[in-house]
Structures are given as structure tokens and as C-alpha cells.
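>>> Just a sequence and a predicted model for now, questions to come.
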Amino acid sequence: MLDKPNVTQSLAHLVVTTRWEDIPRPVRHQAKRSFLNFFAVALAGCRTSPVEIALRSLLEFSGGKQATVVGRAERVDALSAAFLNAAAANVQDFCDTHVRTVIHPTAPVAPALLALAEMRRVSGPELLLAFVLGQEVQARIGLAISPAHYNRGWHITSTCGIFGAAAAAGKLLVLDETKLVWAIGTAATQSSGLCESLGTASKCANVGNSARNGLWSALLAEKGFDGPAEPLAGVQGFYSATGEPPKLALVTEGIGENWELMHTSYKPYPCGFVIHPVLDCVLDWRRANPAAEVERVVVRGNPLLAARTDRPNISTGREAQVSVQHAVAAALVTGRAGVDQFTDACVHDPRVAALRGKVSVELDNAYSTIAAVVDITTADGKTYNLSQTAARGSDQNPLSDSDLEDKLRTSAAGWNPQHDIAPLIDAVWALEESADVSKLASMAVPQG
């Protein structure tokens, strides 16, 4: 059992003492890119069945009209808004990824901050600073137990995302170090989420709870709700309870100098990010060979690809998001890998279903999580050897600013073609000059 004092305190000290002037310009810009991507994926998910069901349930208990639900006219209490917007951002598996931990970092943090910004006056620099620090806290907590924590079955976006939400909200609430440790402690005792839920609606409940309960933890601490002195590395703290010996040096190594936000991948495809290098290969090949008849596909990649996405037998669009067999088949049949390719209808397309059975997966420790090799054998006996060393959208092969703008425009137009999303795009890029961000989320709601 651990008993290491001051691990949580070191993170609290970072959050409390870091100023906007301490954040390098590239990190500030990356934070704005993350907000653009957040609004894109939340708009893509805001009308899905899981979010509709969750909204109907929460409306029974939400008497407040404090905060915006992205893309929707309904307003709810701030905690419910944090839940719903985090769930919407995660439900399509279209959200960003911190490559080193596989945390989807923005979905738990941004909704908590946007909800709080509708309750308290917050400037653009304050919002971005809190966001950067929340991302840093959750990533560093996750780094200490990666990859074993995720491989064991913990949904790391949820188990660590709650710390990011608590720390970020605590920064906006101007908590001192003691109260910030309390907030992290209350978050720690609520930290949860299982990978068994992947491919089902309950996966986005994991992430919704991390945003909601992280925000609530900070609000409780503000009012004097105390917690343990060392919730992370105490004898029966988070690290001991989750069962992995942590690499505690990674919690503080280079802290305040090396910003984990810079290791963010933004997804061009709405599915598990380990599938992305595979899709890069398949889509490029299909464009060059539109009429070829495929007989067999062999995918080789990082062991995480097989562990999370080797799922040939699926029946729903949710399961399709974590099935490399389906992603390959749908891309080969349709030539695309957008939201429409990960729906129930596409899953049950006879052409796609037949081709899923021709896709096999082999694991190879030589490949990173953003690399893959694909061998496609066609009916004429030819075999095409394809490879991708760094998936599009990864931190090593990033989407451009204009790519992220286009992703947001596409999501906004996907369910409401009349929605003029340009003012939101402009507002995100101008956050550093904004004195009040309380209307930012509402700009993601179509007018009329």
C-alpha cells in the first residue's frame, strides 16, 4: 500500500499558482483548438438516443434553467448541463484523445467550465487557463498508471477526467490549495467507469458523471466540504484502490514546463482512435481502387487495437464505433468514415456485414497506437500492402485549424443546415480578448 504525502498537494499547488502569463502561446492556441473540437463533437452527439434519454430523465429533477445544453433549446441546472454536454461530446466516439494515456481529455473538462461560466462571470483567459490546468491534472494522474489502468478495464477518461473537471472548476472558483485538495479528494471517492461499457450508452454516462461530479466536487470544497489530505497516494487512496503501482515521478516530472495538452489528437473519424491509422490506409486505397472487389483484409497494429476493437460480431452503431472490422468494411463499401458509417443502418447493410467477416486482426507490439499496417487481397489475387505511421489527427500528424473549423461546420449542418456556426468559430478564436464567456455555449444552439 502507498503512503506518499504531497502528491495531490503538488498538483493543487500548480493549479493555484499558475497564471495566464505562464501559459506558452502554443498551449493557449491548442486550448482554443480543443474548444472548437468540443463544440463539433457535442453538436454531433446532442440529439443521439442516449443523450435524449438522459435529458428526459434529468429534466424530471432539474428545476433550474442555469445552463445551456449544446445544440438544444432546453436549459437545465449547471450540474445536469455538465453531464449532458460531456455525454454528447463522447457518445459518438468523435472526441479528442490524449495519446499517451488514451484519455479523451476535453469531454470531462470543458462542459464543467462552460456550465460554471454561466453561473459566475468568467473571462476568456480565465476559461482557457482553467481548461489547460484541468487537462494537465487529469493527464498527469493518468500517466502514472498508464497503460495498465486502462488495460485492466478502467475507463480512464472517466476515472481521471473527474480530476480534471474538479481542478479546472476549482481554478475558476479561486480555491486555495487546501480546498483544491479537498475537491480532488471528493472527486477521488467518486472516480469510476468501466471499459466493459464501451459500445453501449453507459459509456457516455461514465464521462457525463466525470464532468458533473468533478464540478460538484469543486463547488462542495468552496463551501468547506473537506476531504482526505492525500487522496491520490494515501494508504487507501485512488492509486492503491485501483490496483496499479503508480509511477509517481510522472505526476510531477517537468510540471509547469511540459504541457500535456500538446499531446492531443483530434479525430477525423467517429470511432476509437486506435482504428484511425487503419482507416487512413483503407480510405486512401479505396479512392485509388474504387471498383476493386475485396476478398480478404488483414490488419496489424498495437495490442490495444485488438484488445478494444477486435469485434467482428456486432449489432448496433454504438458497437460499430469500437469494431475495426466494421470500420474497415464500411469504409470499403461506402468510401467514407463519417457519422453515417457508424449507425445501426450501416451495421445491418448486407454488403458491410458480409465484408466484416473478411477482416482479421493481428497484434504486434512493434506498432504504436497511432500506427498500423493493412494488407488487402482482391478477387484477382493481388495483395496491397498499406501502412500508416502516424494517424491523421494525431499529435504527430495533426489536423489543421481549418480542418477543425470544417469539422465544426459539418457537425452543425448535420442536423440543422440553417445554423450559422461562424459566430461561434470567431468567438473561440477570440477567447483571449473576451471579458465574459457566459454566452459561448449558447452560440452552439441554433436560433429560431
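The structure has been received and is ready for your questions.
>>> What segments of the stretch 201-350 of the chain are helices?
Counting by DSSP state H, counting those that start in this stretch, the stretch 201-350 of the chain has helices at residues 202-222, 238-242, 249-252, 276-288, 303-309, 317-320, 324-334, 344-347, 350-356.
>>> Could you name the helices and strands sitting against the fifth one?
Here helix 303-309 is seen to pack against helix 324-334, strand 359-363 when contacts are counted using 3 or more Cβ pairs under 8 Å, 6 or more residues apart in numbering; DSSP states H and E. Glycine gets a C-beta too; all of them are placed from N, C-alpha and C.
>>> how much distance is there from the first one to the middle of the chain?
Taking the mean of its C-alpha atoms, helix 324-334 sits 23 Å from the chain's own mean (Cα atoms, centre = their mean, to the nearest Å).
>>> residue contacts, the residue nearest the centre of the chain?
For the chain, the residue nearest the mean C-alpha position is His104 (2.6 Å; Cα atoms, centre = their mean). When the contact criterion is Cβ atoms under 8 Å, 6 or more residues apart in numbering, the partners of His104 are 90, 95-98, 157, 161, 207.
>>> what does His13 give?
Per Cβ under 8 Å, 6+ apart, neighbours of His13: Glu177.
>>> Kindly indicate whether it is helix, strand or coil.
helix (DSSP: H, G, I helix; E, B strand; the rest coil).
>>> rank the helices of the stretch 201-350 of the chain by pLDDT, which is bottom?
If you rank those by mean pLDDT, helix 303-309 sits at the bottom with a mean of 90.
>>> what comes up buried for that helix?
Residues of helix 303-309 classed as buried by neighbour count (16 or more other Cβ atoms under 10 Å): 304-306, 308-309.
>>> can you redo those residues as JSON lines with distance to Ala82?
Output for these, formatted as JSON lines (distance: Cβ to Cβ, whole Å):
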{"residue": "Leu304", "distance to Ala82": "29"}
{"residue": "Leu305", "distance to Ala82": "32"}
{"residue": "Ala306", "distance to Ala82": "34"}
{"residue": "Arg308", "distance to Ala82": "26"}
{"residue": "Thr309", "distance to Ala82": "29"}
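>>> and the helices of the stretch 201-350 of the chain as JSON lines, adding distance to Ala12?
Formatted as JSON lines, the helices of the stretch 201-350 of the chain follow (distance: least, Cβ to Cβ, whole Å):
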{"stretch": "helix 202-222", "distance to Ala12": "11"}
{"stretch": "helix 238-242", "distance to Ala12": "14"}
{"stretch": "helix 249-252", "distance to Ala12": "12"}
{"stretch": "helix 276-288", "distance to Ala12": "35"}
{"stretch": "helix 303-309", "distance to Ala12": "32"}
{"stretch": "helix 317-320", "distance to Ala12": "37"}
{"stretch": "helix 324-334", "distance to Ala12": "40"}
{"stretch": "helix 344-347", "distance to Ala12": "45"}
{"stretch": "helix 350-356", "distance to Ala12": "48"}
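>>> Which one, of the ones you listed, ends up nearest to Leu363?
helix 303-309 (4.4 Å; Cβ to Cβ).
>>> Just the residues contacting that closest one, thanks.
Taking Cβ under 8 Å, 6+ apart as the rule, helix 303-309 contacts 102, 147, 151, 195, 198, 272, 274-275, 278, 299, 322-324, 327, 361-365, 369, 372.
>>> I'd like the distance between the closest residue to Ala412 other than its chain neighbours and Phe38.
Excluding the flanking residues, the one nearest Ala412 by Cβ to Cβ, 6 or more residues apart in numbering is Ile421, at 4.0 Å. Per Cβ to Cβ, to the nearest Å, Ile421 is found 13 Å from Phe38.
>>> just Asp344 next, same as before
Taking Cβ to Cβ, one finds Asp344 at 26 Å from Phe38.
>>> Neighbour count for the two, which is higher?
Using other Cβ atoms under 10 Å, the more surrounded residue of Asp344 and Phe38 is Phe38, with 27 against 14.
>>> Then that one would be within a strand, right?
No: assigned with three-state DSSP, Phe38 falls outside any strand and is helix.
>>> Could you check the pLDDT of it?
So, for Phe38, pLDDT stands at 98.
>>> Also Trp415?
Per the predicted model, pLDDT is 78 at Trp415.
>>> That one contacts Arg47, correct?
Yes: between Trp415 and Arg47 there is a contact at 5.7 Å, judged by Cβ atoms under 8 Å.
>>> Common neighbours of these two, please.
In contact with both Trp415 and Arg47: Gly71, using Cβ under 8 Å, 6+ apart.
>>> can I get the helices and strands packed on helix 303-309 in TSV with mean neighbour count and distance to Asn258?
Shown next, in TSV, are those (neighbours: other Cβ atoms under 10 Å; distance: least, Cβ to Cβ, whole Å):
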stretch	mean neighbour count	distance to Asn258
helix 324-334	26	32
strand 359-363	18	30
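>>> Which one of the ones you listed lies nearest to Asn6?
strand 359-363 (39.4 Å).
>>> Off-centre distance for that closest one?
The answer for strand 359-363 is 26 Å, by Cα atoms, centre = their mean.
>>> shouldn't Lys4 be in contact with Ala229?
No: using Cβ under 8 Å, Lys4 makes no contact with Ala229, being 11.5 Å away.
>>> what residues are up against the residue lying farthest from the centre of the chain?
Distance to the chain centre peaks in the chain at Asp380, reaching 41.5 Å (criterion: Cα atoms, centre = their mean). Asp380 makes contact with Glu293, according to Cβ under 8 Å, 6+ apart.
>>> separation between it and Ala110?
For Asp380, the distance to Ala110 - Cβ to Cβ - is 49 Å.
>>> now do Ser411
Taken as Cβ to Cβ, the span from Ser411 to Ala110 is 15 Å.
>>> Just want to know which of these two has more residues nearby.
It is Ala110, of Ser411 and Ala110, that has more neighbours when counted by other Cβ under 10 Å, with 32 against 26.
>>> mind checking how far the worst-scoring helix or strand of the chain on mean pLDDT is from the chain centre?
Sorting the helices and strands of the chain by mean pLDDT, DSSP states H and E puts helix 303-309 at the bottom, at a mean of 90. The chain centre lies 18 Å from the centre of helix 303-309; the measure is Cα atoms, centre = their mean.
>>> what about Asp3, how many neighbours?
11.
>>> Give me the next element, helix or strand, following the helix or strand Thr159 falls within.
Here Thr159, judged by DSSP states H and E, is contained in helix 156-172. Next along the chain after helix 156-172, taking DSSP H and E as the criterion, comes helix 177-188.
>>> buried set for that next one?
Those would be 177, 179-188, for helix 177-188 by 16+ other Cβ under 10 Å.
>>> would you list every one of the helices in the stretch 1-150 of the chain?
Under DSSP H, counting those that start in this stretch, the stretch 1-150 of the chain gives helices at 7-17, 25-45, 49-59, 78-91, 106-117, 124-143, 148-152.
>>> No further questions, thank you.
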